[in-house]
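Asker: attaching a predicted model along with its sequence, questions to come.
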Amino acid sequence: MKNILIFVCTNEDKKESAKEAAASILRTGIFDSVMPYIYSEKTDGEPLTCAPAAVFGCCRPELSDTLRRANDGELPANVFVAGDVAESSVLMAAADLSCAGVRPIVLSRLCPQDAEVSGLCSLAENSVCVTAINSRRDIVETSGTAEVRLVETLKRRGLHISFAESCTGGKAAARLIGAPSASSVIDASFVTYANEAKEKFVFVSPAVIEKYGAVSEAVAGEMAKGAAIAAEADIGVGISGIAGPDGGTPQKPVGTVCFGYCILGELTTETVHFEPKGREYVREASVDRVFSVLLDKLGA
């Protein structure tokens, strides 16, 4: 199955520049095919609107056939969509792809979403928004990501989740929210980087922080319980660690991360020592760990 990127542009006269952008993206080796999706603009006295016009010369009714030709005769399961245009144009293109029978994956690095266009997400409710695509391996794993499975599991069981994050800085919540239907399982989450924030927003006791330190299972456990209480959620997750490059000690070296999981009132904690391969590595590995543990605990 090939990895196909639909690159959205507006107006036929921008088609050549879109082709140049597509060629540049294709040279990265991440995608097998990169194709311009042309939208026309309607500006005759009305607010700017976008209407689907053509896919590199093919009319919209032929979209499925076009994608099959690009994918060795089969309709691809996933198609990535992005563009240097308004977010609404990209999301409408995603809706068209969804109607064509494929699962559009919106690349938010190229198309940052905001509240003004969030309503259009309903047009492409089967799409996934991801923060970045950095390698072919990322693309292969996107369709079956842990966050998608976790949202599906939580939704099936009627559970809500909330995070209290320190070293991960909101990455766990962001990745979960990138999965379809995330709004049905998460209402609020917290980034409690400073000790004062842990105390104020997720009710961590100052005495516990003083006794055990911010990076401890005791604090991560209180963060988990506090997140569940503050968000009125069934599941709370607490994450506190040392991502680096400094801040480590012999007792708690860089890469030490403590986790708390409060699931329907039952609290468990753990400490994991990740390899100190860099700040982003530790943060991403921490989020991977959270989703893996939650899926295991929920029997998914």
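Answerer: Structure's in. What do you need? The structure presented is a predicted model; accordingly, all values stated were derived computationally and were not measured.
Asker: quick check: closest non-adjacent residue to E165.
Answerer: I239 (4.9 Å; CB to CB, 6 or more residues apart in numbering). In short, each C-beta sits where N, CA and C put it, glycine included.
Asker: likewise A93?
Answerer: Leaving aside its sequence neighbours, A93 sits nearest to V8 (CB to CB, 6+ apart; 4.7 Å).
Asker: how is this protein carved up into domains?
Answerer: Domain assignment for the chain, taken from automatic domain parsing, gives 4-142, 146-297.
Asker: compile those domains into a markdown table and extend it with columns for mean neighbour count and mean pLDDT.
Answerer: Output for the domains of the chain, formatted as a markdown table (neighbours: other CB atoms under 10 Å; pLDDT from 0 to 100):
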| stretch | mean neighbour count | mean pLDDT |
| --- | --- | --- |
| domain 4-142 | 17 | 60 |
| domain 146-297 | 19 | 95 |
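Asker: residues in contact with the residue nearest to A300 when sequence neighbours are not counted?
Answerer: Nearest residue to A300, sequence neighbours excluded (CB to CB, 6+ apart): T153, at 4.1 Å. Counting by CB atoms under 8 Å, 6 or more residues apart in numbering, T153 touches L295, L298, A300.
Asker: quick check: which element contains T153?
Answerer: Using DSSP states H and E, T153 maps to helix 146-157.
Asker: alpha carbons of that helix, as PDB, please.
Answerer: Written as PDB, here are the backbone C-alpha positions of helix 146-157 (Å, rounded to 0.1, in the frame of the first residue of the first chain):
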ATOM      1  CA  ALA A 146      -2.000   3.500  20.300                       C
ATOM      2  CA  GLU A 147      -3.900   6.700  20.800                       C
ATOM      3  CA  VAL A 148      -6.500   5.600  18.200                       C
ATOM      4  CA  ARG A 149      -6.900   2.300  20.000                       C
ATOM      5  CA  LEU A 150      -7.100   4.000  23.400                       C
ATOM      6  CA  VAL A 151      -9.800   6.400  22.300                       C
ATOM      7  CA  GLU A 152     -11.800   3.500  20.800                       C
ATOM      8  CA  THR A 153     -11.400   1.500  24.000                       C
ATOM      9  CA  LEU A 154     -12.400   4.500  26.200                       C
ATOM     10  CA  LYS A 155     -15.300   5.300  24.000                       C
ATOM     11  CA  ARG A 156     -16.500   1.700  24.000                       C
ATOM     12  CA  ARG A 157     -16.400   1.500  27.800                       C
END
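Asker: can you pull out the strands in the chain?
Answerer: 4-10, 33-42, 49-55, 58-59, 78-82, 103-107, 128-130, 161-165, 190-191, 235-241, 256-263, 266-273 (DSSP state E).
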